[in-house]
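Q: sequence and predicted model, in that order:
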Number of protein chains: 2
Amino acid sequence: MTLLDVAQRAGVSVATASRVLNGGDRVPRPELQERVKAAADELGYTPNAQAQALAKSSTNVVGILVHDIEDPYFAAIANGVMRAADERNLLVMMASTFRDSDREIAYLSSLRAQRARAAVMIGSRRTDSESLARTATEVETFLNSGAGLALVSQSGMPAHTVEPDNRSGSADLARELVGLGWRKFAVLGGPETLATARDRRDGFVAGLAEAGLQPVAVVAGDFTRDGGYAAAEQLLDRQADVDCVFAVNDVMAVGAMSALRARGVDVPGRLGVAGFDDIATLRDVWPGLTTVRLPLEQMGRRALELAIEGGDATTETFKAEVVLRESTARG
Amino acid sequence: MTLLDVAQRAGVSVATASRVLNGGDRVPRPELQERVKAAADELGYTPNAQAQALAKSSTNVVGILVHDIEDPYFAAIANGVMRAADERNLLVMMASTFRDSDREIAYLSSLRAQRARAAVMIGSRRTDSESLARTATEVETFLNSGAGLALVSQSGMPAHTVEPDNRSGSADLARELVGLGWRKFAVLGGPETLATARDRRDGFVAGLAEAGLQPVAVVAGDFTRDGGYAAAEQLLDRQADVDCVFAVNDVMAVGAMSALRARGVDVPGRLGVAGFDDIATLRDVWPGLTTVRLPLEQMGRRALELAIEGGDATTETFKAEVVLRESTARG
DNA sequence: CTGTTAGCGCTTTCAA
DNA sequence: TTGAAAGCGCTAACAG
């Protein structure tokens, strides 16, 4: 069923049919409108979006790139992007890159081929890899193609950026924990090359410094549940004299808590534990995890807005807020 | 930059250019291939996917519909679909319907407009609503348009179906729990109109019946964390004589555990708790949640395969497996 | 093996 | 207001 079929059935030209069914410009006389609409649904007509896109050379598709949609952090941000897209009647194409920059680049170029209106890239990249440069190149190409782009948690790209205030969020956390009476801290950091992980660690260290403290131990680990588990084990093996552990994200913190439990270490009795993100799905763990809340959905929404609006690259920072729960309660 | 530009620069026809850059059919002589490729990347040519789709009247786009991507159950299945799509070089369009069938129908029709090759609908619908019939109609329209379709956890539609074995999974769970020594059960069911929730409850009740038992209490609630929380509170208010609680999904179970904790009810000391799904993000809760594991990612993968393959509507059932953890351990 | 050319379905000037 | 017709960029017969 094409527009031509509809037009013929309604006894009008395709131009007229187009105008009543889709067009925003001049509207035909009511009587014709009726006829066309009637013909359209008798025939079960559905416009061919590809053809429309080709003719108008513009689409209503936006892209989302995440590292892993099963990670609740990405899911929460993606949810914000999708809601914002839905409100604007935009269709969303999503891909998981699994932290593989080749996949990422390939997908960005697919979006270009699709003539996507805009894209949102979620999550930070490793700083060490030369592939970061290749990504940057593709980012520029993407922007030069006329599409909009915003990145969440990844600065240094020539596009709009939405960032949580990782440093001051974890500095605040450090202050609060010190205020609670904790003194001997360990940091379970993510990979050294991940800016988000580094910023959270550094912010925390800076916060401690204000109180004249410094971390007793810093253990690097993967930015995942298993990374947190392994880092906690390592910490225990070192037998460091620690009373509170800060893991740079909630997922790691929960992994760490499992490791501690397996080793019979009471939380918060013998060790306090804190995380970062305030993942909704993890709000019911026990003991309740002290963390730093990020407005993840909001950040996603805003990223889409910026990407759609286009314009000069700007950076917006979202404030983080400490949430104290039982995992750092002092006896 | 169009194919014509490339062709001219390489001194060949568009047909030739098309053949070397995209076409799968006859390949031009090596020398020309070189020239075309060179021209293409000097010009930074990217094919226009819309134009290709229009010319070939076929795309490499597939759709995914979820109720809510932030719900880890959907995220896990969607992840499977996306991986399978990635392997086949398919692009994924995703939308959250928030259990609104109008959104669902609208999105299905957008996918039709996009000439999507296939779609996967994840999650079960309510059985009571007349909107189910409207969905069924759109499903047929979708299939008649020539696209493939598979549903996960929703039977009764004229398309491929992938289903977890909810009934026997929860019957198994019931048997295991009885084997552990639990006797006085409460079921925190989802909405009566949700087939998945009903099947899990019924399966559990059937499993109990084998041991000559029947649930002391059945409380309906929303299929969410808050639903579980509220249902548990209600259960406590009734002061029913219960020793073990089965919530029809993990998210509800975790909500219920929080409610119990808030009321000072020890798990599993005073009350055992079990869930269903084995959500990865919740594997670290404490006490570890006894549940029924579903191969969510696998189900997603398979759904995509079926959707792509097309053919007559088939139903595939995936076995569920009981996972006993601390939340139902007997003192 | 390569080029010509007629569409794919729709939008959008440009005339009428 | 309505219609005719020229593309949008690419593919796929069909010739050569």
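A: Everything's here; your move.
Q: is any part of stretch A:320-331 close to chain B?
A: No - Stretch A:320-331 lies out of reach of chain B by CB under 8 Å from any CB of the partner chain, never closer than 9.9 Å. Glycine gets a C-beta too; all of them are placed from N, C-alpha and C.
Q: kindly apply the preceding question to stretch A:71-85 instead.
A: Yes - Stretch A:71-85 reaches chain B (CB under 8 Å from any CB) through A:72, A:75, A:76, A:78, A:79, A:82, A:83.
Q: could you export that stretch as PDB, CA atoms only?
A: Extracted in PDB, the C-alpha atoms of stretch A:71-85 (Å, rounded to 0.1, in the frame of the first residue of the first chain):
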ATOM      1  CA  ASP A  71      24.300  -2.700  34.300                       C
ATOM      2  CA  PRO A  72      21.600  -0.800  36.200                       C
ATOM      3  CA  TYR A  73      23.700   2.400  36.000                       C
ATOM      4  CA  PHE A  74      23.300   2.500  32.200                       C
ATOM      5  CA  ALA A  75      19.800   1.300  32.300                       C
ATOM      6  CA  ALA A  76      18.800   4.200  34.600                       C
ATOM      7  CA  ILE A  77      20.400   6.800  32.300                       C
ATOM      8  CA  ALA A  78      19.100   5.100  29.200                       C
ATOM      9  CA  ASN A  79      15.600   5.200  30.700                       C
ATOM     10  CA  GLY A  80      15.900   9.000  31.000                       C
ATOM     11  CA  VAL A  81      17.000   9.300  27.400                       C
ATOM     12  CA  MET A  82      14.200   7.100  26.200                       C
ATOM     13  CA  ARG A  83      11.500   9.000  28.200                       C
ATOM     14  CA  ALA A  84      12.700  12.300  26.700                       C
ATOM     15  CA  ALA A  85      12.800  10.700  23.300                       C
END
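Q: ok so, going back, of all pairs in the residues of stretch A:71-85 next to chain B, which one is the farthest apart?
A: With CB to CB as the measure, no two of those lie farther apart than A:72 and A:83, at 16.3 Å.
Q: who's more crowded, the two?
A: Neighbours per residue, other CB atoms under 10 Å in any protein chain shown: of residue A:72 and residue A:83, the larger number sits with residue A:72, 24 against 16.
Q: check contacts around that one.
A: The contact partners of residue A:72, taken as CB atoms under 8 Å, 6 or more residues apart in numbering or on different chains, are A:251, A:279, A:280, A:281, A:282, B:70, B:72, B:75, B:281.
Q: so can I have JSON lines of the residues you listed showing pLDDT?
A: Listed next are the contacts of residue A:72 as JSON lines, based on pLDDT from 0 to 100:
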{"residue": "A:251", "pLDDT": "97"}
{"residue": "A:279", "pLDDT": "97"}
{"residue": "A:280", "pLDDT": "96"}
{"residue": "A:281", "pLDDT": "96"}
{"residue": "A:282", "pLDDT": "97"}
{"residue": "B:70", "pLDDT": "96"}
{"residue": "B:72", "pLDDT": "97"}
{"residue": "B:75", "pLDDT": "98"}
{"residue": "B:281", "pLDDT": "95"}
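Q: of the residues you listed, closest to residue A:303?
A: Using CB to CB, residue B:70 is the member of those that sits closest to residue A:303, with 16.0 Å.
Q: look at that closest one and tell me its secondary structure.
A: What DSSP: H, G, I helix; E, B strand; the rest coil gives for residue B:70 is coil.
Q: repeat for residue A:260
A: Criterion first, three-state DSSP; result for residue A:260: helix.
Q: wait, it touches residue A:232, no?
A: Yes - the pair residue A:260 / residue A:232 is scored as a contact, 5.8 Å apart, by CB atoms under 8 Å.
Q: look at the two and report which has more neighbours.
A: Taking other CB under 10 Å, residue A:260 and residue A:232 do not tie; residue A:232 has more neighbours (30 against 21).
Q: you'd agree that one is up against residue A:245?
A: Yes - here residue A:232 reaches residue A:245: they are 7.0 Å apart, a contact under CB under 8 Å.
Q: hey, what's in contact with both of the two?
A: Counting by CB under 8 Å, 6+ apart, the contacts common to residue A:232 and residue A:245 are A:188, A:256.
Q: can you list the low-confidence ranges for chain A?
A: Chain A contains residues with pLDDT under 70 at A:24-25.
Q: for DNA strand D, what's its nearest residue on it.
A: DNA strand D sits closest to residue A:28 of chain A, with a gap of 2.6 Å, by CB to the nearest atom of the strand.
Q: can you show me the strands along the stretch 51-200 of chain A?
A: Counting by DSSP state E, counting those that start in this stretch, the stretch 51-200 of chain A has strands at residues A:61-66, A:91-96, A:118-122, A:148-152, A:160-164, A:185-189.
Q: quick one on the thing from earlier: looking at the contacts of residue A:72, spot the one nearest DNA strand C.
A: Nearest to DNA strand C among the contacts of residue A:72, with distances taken as CB to the nearest atom of the strand, is residue B:70, at 33.9 Å.
Q: report the separation between the closest one and residue A:76.
A: Between residue B:70 and residue A:76 the computed distance is 6 Å (CB to CB, to the nearest Å).
Q: anything in contact with each of those two?
A: Contacts common to residue B:70 and residue A:76, judged by CB under 8 Å, 6+ apart, are residue A:280.
Q: OK, contacts around residue A:296?
A: By CB under 8 Å, 6+ apart, the neighbours of residue A:296 are A:73, A:76, A:77, A:79, A:80, A:277.
Q: how close does it get to DNA strand C?
A: As for residue A:296, its distance to DNA strand C is 36 Å (criterion: CB to the nearest atom of the strand, to the nearest Å).
Q: next, work out how far apart that residue and residue A:253 are.
A: When distance is defined by CB to CB, residue A:296 is 16 Å away from residue A:253.
Q: do the same with residue A:201
A: From residue A:201 across to residue A:253, the span is 13 Å (CB to CB).
Q: quick one: stretch A:258-274 near chain B?
A: Yes - remark: stretch A:258-274 sits within contact range of chain B at A:258, A:261, by CB under 8 Å from any CB.
Q: and for the spatially closest residue to residue A:236 that is not a sequence neighbour, the neighbour number?
A: Nearest residue to residue A:236, sequence neighbours excluded (CB to CB, 6 or more residues apart in numbering or on different chains): residue A:263, at 5.6 Å. By other CB under 10 Å, 11 other residues sit near residue A:263.
Q: the stretch 51-200 of chain A against DNA strand D: which residues are in contact?
A: In this structure, the stretch 51-200 of chain A approaches DNA strand D at residues A:51, A:54, A:55, A:57, judged by CB under 7 Å from any atom of the strand.
Q: residues of the stretch 51-200 of chain A that sit close to chain B?
A: Counting by CB under 8 Å from any CB, the residues of the stretch 51-200 of chain A near chain B are A:51, A:53-54, A:59, A:61, A:68-70, A:72, A:75-76, A:78-79, A:82-83, A:86, A:91-96, A:103, A:109-110, A:112-115, A:141, A:145.
Q: from the contacts of residue A:72, which two are the most distant?
A: Farthest-apart pair in those is A:251 and B:70; separation 14.8 Å (CB to CB).
Q: these two: who's more crowded?
A: residue A:251 (27 against 23).
Q: which residues does the residue lying closest to residue A:278 once chain neighbours are set aside bridge with?
A: Distances taken as CB to CB, 6+ apart put residue A:293 closest to residue A:278, at 3.8 Å, once the chain neighbours are dropped. On the basis of DSSP bridges, residue A:293 is bridged to residue A:277, residue A:321.
Q: can you verify my assumption that residue A:293 contacts residue A:324?
A: No - between residue A:293 and residue A:324 there is no contact, the gap being 10.8 Å when judged by CB under 8 Å.
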